[in-house]
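Asks: no sequence for this one, just the structure:
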Ligand code: SOE
C-alpha cells in the first residue's frame, strides 16, 4: 500500500491544470512508494478557486498561501503562480519545511534564484522546477543516446521555440492570463518563458554554456495594462536570439519569439555530432529523428524513430507498443520521478540549483542584448 504525500497547490491557471492532471494520473500508471493526494488548492479568490477544486478533486481550498504553508497536513507545495511570486513563496515554504515544486522560470533573475536555491538547500527540502520537456520520452531518449556516446563529439546545438499569440497590438498586458506580457510579473518575455525551456534542455543534453551574444526586440512598444487601465511601456522581450559556445566546444544557436505567424508552440532542437545527429520537434513529440554516419553508405539516411515501444523511456508504463502519448504525460513523468527520487533519497532534477544555472544564462542574455556585448556565464 502506497503512502500519501499531500499536495498544496498555489495557483490554478494552465499550469495548475497540467500539474493537477499529473498528480491524478501518476499512481495509476507508476508503482510508487508515495501517492500524491490533492489536499488543498490556494488562490486569492474563493469564488474562482472553489470550482477548480471541485473539478480536479482537491479536498479543500485556501485563499492565503501563508495559511497553506502553516498547515501540518501539507507535505509539498506546488507553485503555479506568476514569476514575481516564486521567490517569496519558496523562501517561506522552505522555512516551513515543505517540499517545493516550482513552475519555470524559477525566479525573476539569477540573484533571486540563488537565494531560493540556498534556502532550499539549507532547509534540506526536496525541490524541483517544472522544466517538463525533459520528460517527453523522445527527449529523454536523446539524452540516453548522447550519454551512450552515439553522437560522438558534439559540434552544433540549435534550438527554437516559436509562437505567434502576441502579434496583435490590441492585446493588453498584465492580469490573469496576460501576466506573461507584463515585465513586473514575468521578469522578462520570451527569453524567460520560452528560451528557458530550450536552455534547460540544452544544459541537460550538452552541458554548460561558456559565453553568449544575444539580441532581443520588443516589436510592440506600448500596450494597455489590464490592472491600471492605462497604456504603458512594454518591458518584455518579444523576440530573442542568441549564439553561444558550450563548455564542450560546440556552438549553439537559439531563437524564440511570439511573432512567428503560423507557429503555436514550435519547440525544436537539432544536435550534430561527429558520428550522428538528432532532431526533435514538439509538434511531433513522439518522434526522434536520428542520422548515423556509421550505417552502411547505401542505407544512410534519417530514421524517424517512433518513441512508443516498451523499452523506450517511460513508455513501458503506458499502453501497448506503437500507441503514443502526449504533452500532458511529461508532467506525469516528472511527478513520478520526483516521488521516486523522494522515496529513494535521490532527488529528481531539474532542482533549484539546475534552474539557477538556467537563470544565469537568462541574465546573461538580457545583459548581452542591452550592452551589445559577448557575456561570459559565471562558473
Ligand atoms: C507560453 O505560451 C507557454 O505556455 C509557456 O509558458 C510554457 O512554459 C510552454 O511550455 C508553452 O508555452
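Replies: Cool, got the structure. These numbers were taken from a predicted model, which means no experiment stands behind them.

Asks: What residues does the closest residue to the ligand within the stretch 101-250 of the chain make contact with?
Replies: Taking CB to the nearest ligand atom, the ligand has its nearest neighbour within the stretch 101-250 of the chain at residue 193, 4.8 Å off. For the C-beta atoms, the positions are set from N, CA and C on the backbone; glycine is no exception. With contact set as CB atoms under 8 Å, 6 or more residues apart in numbering, residue 193 has these partners: 105, 180, 186.

Asks: Output the set of residues of the stretch 251-379 of the chain in proximity to the ligand.
Replies: Residues of the stretch 251-379 of the chain found near the ligand (CB under 6 Å from any ligand atom) are residue 265.

Asks: Mind telling me which residue of the stretch 251-379 of the chain is nearest the ligand?
Replies: residue 265 (5.2 Å).

Asks: any residues touching stretch 37-56, and which ones?
Replies: Counting by CB under 8 Å, 6+ apart, 4-12, 16-17, 20-21, 23-24, 57-65, 67-68, 71, 73-74 sit against stretch 37-56.

Asks: returning to what we had before: phi, psi of the residue of the stretch 101-250 of the chain closest to the ligand?
Replies: For residue 193, the backbone dihedrals are phi -90, psi -50 (criterion: degrees, to the nearest 10).

Asks: what about it, distance to residue 17?
Replies: Distance from residue 193 to residue 17, counting by CB to CB, to the nearest Å: 18 Å.

Asks: Next, the residue of the stretch 251-379 of the chain closest to the ligand: phi, psi?
Replies: According to degrees, to the nearest 10, residue 265 has phi -160, psi 60.

Asks: quick one on the thing from earlier: let me have the contacts of residue 193 in CSV, extended by neighbour count and pLDDT.
Replies: Shown next, in CSV, are the contacts of residue 193 (neighbours: other CB atoms under 10 Å; pLDDT from 0 to 100):
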residue, neighbour count, pLDDT
105, 28, 98
180, 21, 98
186, 24, 98
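
Asks: mind listing which of these are in helices?
Replies: residue 186 (DSSP state H).

Asks: residues in contact with the helix or strand residue 268 falls within?
Replies: Residue 268 belongs to strand 266-273 when assigned by DSSP states H and E. With contact meaning CB under 8 Å, 6+ apart, strand 266-273 is reached by 133, 142, 146, 150-163, 194, 197-198, 201-202, 205-206, 260, 277-283.

Asks: before we move on, what about stretch 330-346?
Replies: 5, 18-19, 21-23, 25-26, 29-30, 32-36, 99, 101, 126, 128, 130, 132-137, 314, 317, 347-348.
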